[in-house]
Every structure is written in structure tokens, then in C-alpha cells.
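Engineer: generate coordinates for the sequence data below:
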Amino acid sequence: MKTSSSLAIWLDAARPKTLPLAIASIVCGSAVAGWQGSFSASISALALLTALLLQILSNLANDYGDAVKGTDNDNRLGPTRAIQAGLVTPKAMRKAMVVNIILTVASGLSLIFLACNNLQDIFGFMLLGLMAIAASIAYTVGNKPYGYRGLGDLSVLMFFGWLGVAGTYYLQAGTIDSVIMLPATACGLLAVGVLNINNLRDIDNDRACGKLTLAVRMGPDWGRKYHLFLLGGSMLCLALFALLEMHSPFGWLFILGTPLLFSHGKKVLQSADGAALRPMMATMVKCALLTNLLFAAGVMLA
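Structural biologist: As a prediction, the model looks like this:
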């Protein structure tokens, strides 16, 4: 076994290719806050750090949980993970998770005390932070992980969309506007799209291992149609926001991401099997990041 102290091994275990999802939610929330004159660089930076640490915690926990349950095996089509490859022991991964939790709590508390001015907000965001940490771990870890029951999609929508975008906006604006839920939902749906590609790719192995993801429950055909719904739903939410709130053509800048989304959706719909979906994970991450960045840029330019 290779040493688990190697920086390269731990960087790979953190799965940096998934981190743009956390970045996108903070950027979108901050952009809308800035559009309304409430942008704070310090709050945005701490929100970004906290979101990245939560994403890394989730990735480490997934590595541990799927390895312990035997879901990470030779039949899995996704990239080989650290424990599965024998590069990190389960004990070392648990220690890494504890360190990550400590860092996340420290970052989250710093964010809360910087941004919140009353006890209600302080305790409310503390509770949300604890829920986010618990959700990051419980996705695959424990006796009844919710990721094995088809609830992962809802969790991603909540934390990468509603909480990530709307929470970031609230911490800077000090108030919540229902219209923020449109870009928040769009960002969340694109993040769910990344998870759905992952689940469609490994649908056969997940079914055999008892990991009943939403893709497994729907089956490959409906799972592909569901993917188109996620892409179309995200664009519809952004279009409604632009139509209702933006009074500038810059508000429609996100439309420039449509060709990439359309091409990706078509390839997913026509993919023959899980192996054909392997290269589409990176494409979906790029689609999500590009669309969100275009939206954010358009809001700021408007």
C-alpha cells in the first residue's frame, strides 16, 4: 500500500473536479446580492471557503461509505477512489473527515459571526451548518444512508441550490426575497444533473449493491429523460428571473450556455450504456459552471 500522507493522494481524494459546483452556488448568490447593492467580499470569501470544505467533506465521506459497503468495486465505472485503490486506509479517511469537520466548523462560525447581527440569525445558520455537515456524511455513511434510498438528488438541490445561493444572498443582504429562489433552484438543478450523470453511469453496479439511487429507481430510460428535465428546468428558472427582474439584455447572458447544454443533453439521451456516459461527467460540470458564471456575469453587468 502506498503511504496515505502523499499530498497528491489526498488532493485526488478531495475530487477537485467536483468543486466548481460549490463555487457556482456562492458566485450566484453573491452576484444577486451585488446587483442589489449588498455585496461583501469578506462574507463571500468565507462562504466560498465553507462551501468548498463541505463539498470536500462529502467527497471524503462518499469514498469511505461506498468503500465500506462494497459499492466501490471492480464493476464500478467511475474513477477509482482512494480507499478502493488501497491508497488510503479507512482509519486514515475517518481522521481526515474529523480534521475537515473541525475546519468546516471554524470557517462556518467565522462566517456566521461576521455576517449575522442577531441571535435568531446566528442560531438559525448554526443549525443549517450542522445540517449541512450531517448531510455531507450521511449520504453514504451509516446504517441507513439516504443516498442509498434515492434522496441524494433532493439533498443536492437543497444544499447546492436553495441553501448555497439563497443563504449566500441572505448573509450579505440581511433579508430574503422570494425571487432569489429562481436562480437558487436553477443552480441546484444543474448540480443535480452532475449527480444524475454519476448515478446513470453506475446504475447497474449500484442496483447490484443495493444503492437505490433515483436513477436506479427510475431506470436508465427515464433517468435520461429526467436529465433533460434538469437541464431544461434550470434554464426556465433563469429565464423567469431575467423576465421578471432584469431590465437589461445582459440579464439574458446565460443563454450563451444553451448550445453546450443542448449538445450534452442530446448525447446523454442517445448514450447506449454507462460506459458511454463516463466522459459526460466532466462535460456536465463544465455546463453547470459555465451557465452559472454567465448568469452571474450578466446580473453584475446589468
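Engineer: for Asp206, what are phi and psi?
Structural biologist: phi -60, psi -40 (degrees, to the nearest 10).
Engineer: same question, the one 4 residues further on
Structural biologist: In terms of degrees, to the nearest 10, the main-chain angles of Gly210 are phi 80, psi 20.
Engineer: any idea how far Cys28 is from Gly164?
Structural biologist: For Gly164, the distance to Cys28 equals 8 Å [Cβ to Cβ, to the nearest Å]. Where you see a C-beta, it was placed from the backbone N, CA and C, and this is true even at glycine.
Engineer: what touches both of these two?
Structural biologist: Residues touching both Gly164 and Cys28 (Cβ atoms under 8 Å, 6 or more residues apart in numbering) are Ala184, Cys187.
Engineer: tell me which element Ser38 falls in.
Structural biologist: Using DSSP states H and E, Ser38 sits within no helix or strand.
Engineer: contacts only, for the closest residue to it other than its chain neighbours.
Structural biologist: Nearest residue to Ser38, sequence neighbours excluded (Cβ to Cβ, 6 or more residues apart in numbering): Ala173, at 4.1 Å. Ala173 makes contacts with Ala33, Gln36, Ser38, as judged by Cβ under 8 Å, 6+ apart.
Engineer: export these to JSON lines and tack on distance to Asn117?
Structural biologist: Shown next, in JSON lines, are those (distance: Cβ to Cβ, whole Å):
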{"residue": "Ala33", "distance to Asn117": "16"}
{"residue": "Gln36", "distance to Asn117": "18"}
{"residue": "Ser38", "distance to Asn117": "13"}
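Engineer: buried members of these into PyMOL, please.
Structural biologist: Selection of the buried residues among those in PyMOL, burial being defined by 16 or more other Cβ atoms under 10 Å:
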select buried, resi 33+38
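Engineer: okay, who's weakest in the contacts of Ala173 by pLDDT?
Structural biologist: Across the set of the contacts of Ala173, Gln36 stands lowest in pLDDT, at 90.
Engineer: wait, what's in contact with that one?
Structural biologist: Gln36 is in contact with Ala173, counting by Cβ under 8 Å, 6+ apart.
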